[in-house]
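Peer 1: A structural model of the following input is requested.
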Amino acid sequence: MRNSDCRLPFFLVLAALSILVIYNNKGPALIVLVVVALLSLTTFVLKKRKRQQTQSESKSMEVLQEKVSPELHQPAEHISVSAAFPAVNPQEPASNRPDDSEEEAFIAAKDQSYSPMTMEEYFDAWYHKATTSLQRDAVQEQMLNRRVIWVGRINSVESKGDGSVLMIVGPPDGSYGSTFLTFDKSQRPELLKLHKDQRIRFTGIIEHFVASPFLRDCRILRVLA
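Peer 2: Residues are numbered from 1 along each chain as shown. Sure thing, here's the model as predicted:
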């Protein structure tokens with residue numbers, strides 16, 4: 001129906017002007033005929049293209065809506081170590097805390113950067129097994145940006161200028177070596193309960209080395225003694 005409506009004025013005008021040209025044989029009438037014919041044809045073509053473009057866009061939107069999965073509109077579930085294992089209370093009975101194997105299994109499963117190397121193994125490799133600077137660099141490169149779960153003995157705990165807390169720990173057996181841990185300020189109330197020489201189980205990501213490893217994103221998993 002729309003195509004017929006568009007063609008009707010065009011053909012009526014064309015027929016009328018054709019009759020006028022035939023009976024009068026006047027040049028101006030012929031010029032008017034050509035101009036009107038061109039305008040009518042141009043209007044028809046433009047309307048047809050616009051209608052086709054609108055229909056094409058509507059179909060594309062329908063296909064796109066059918067292909068989009070509803071799951072893409074749902075927020076991704078974010079599971080953090082803090083959410084799974086809340087901050088440790090040193091006074092909490094051991095029976096109420098998750099055991100070490102559960103914590104380690106959870107962290108290892110959720111963080112692909114996890115390394116099972118212990119603090120003692122790291123310092124043994126760096127101080128004893130590595131005998132050259134190149135070998136020590138290789139040990140550090142192996143552990144850089146890796147998440148670890150280590151046990152250490154607290155040497156000191158102090159505030160940093162930005163409100164975070166810096167803790168220095170050493171190997172629990174008293175052997176040589178220091179590890180620097182950075183905790184965000186939200187953990188300050190729990191860290192206030194800790195004392196020098198206490199043994200703690202903690203997790204963090206090795207951010208860089210200055211001979212000793214420096215860890216970020218640290219959390220206390222358990223106070224051992």
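Peer 1: what's the burial count for Glu141?
Peer 2: 10 (other C-beta atoms under 10 Å). C-beta here means a position set from N, CA and C on the backbone, and glycine is covered the same way.
Peer 1: correction: Trp150
Peer 2: For Trp150, the tally of surrounding residues (other C-beta under 10 Å) stands at 23.
Peer 1: again, but for Gly174
Peer 2: Look at Gly174: counted by other C-beta under 10 Å, it has 8 neighbours.
Peer 1: Find the nearest non-adjacent residue to it, please.
Peer 2: Excluding its sequence neighbours, the residue lying closest to Gly174 (C-beta to C-beta, 6 or more residues apart in numbering) is Arg153, at 7.2 Å.
Peer 1: Now that neighbour. Its backbone dihedrals?
Peer 2: Here is the backbone geometry of Arg153 (degrees, to the nearest 10): phi -110, psi 130.
Peer 1: Please name the residues that touch it.
Peer 2: 169-172, 174, 197-200 (C-beta atoms under 8 Å, 6 or more residues apart in numbering).
Peer 1: Looking at these, which are in strands?
Peer 2: Counting by DSSP state E, the part of the contacts of Arg153 found in strands is 169-170, 199-200.
Peer 1: what comes into contact with stretch 123-131?
Peer 2: By C-beta under 8 Å, 6+ apart, the residues outside stretch 123-131 that reach it are 135-136, 138-140, 171, 175-177.
Peer 1: again with stretch 201-212
Peer 2: Contacts to stretch 201-212, defined as C-beta under 8 Å, 6+ apart, come from residues 81, 100, 103, 107, 113, 140, 143-152, 169, 177-182, 213-224.
Peer 1: can you rerun that using 6 Å?
Peer 2: The contact list for stretch 201-212, computed with C-beta atoms under 6 Å, 6 or more residues apart in numbering, reads 140, 143-144, 146-147, 149, 151, 178, 181, 213-222.
Peer 1: Of the residues you listed, just the buried ones, PyMOL syntax please.
Peer 2: The following PyMOL line selects those of these that are buried, judged by 16 or more other C-beta atoms under 10 Å:
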select buried, resi 140+143+146+147+149+151+181+213+214+215+216+217+218+219+220+221+222
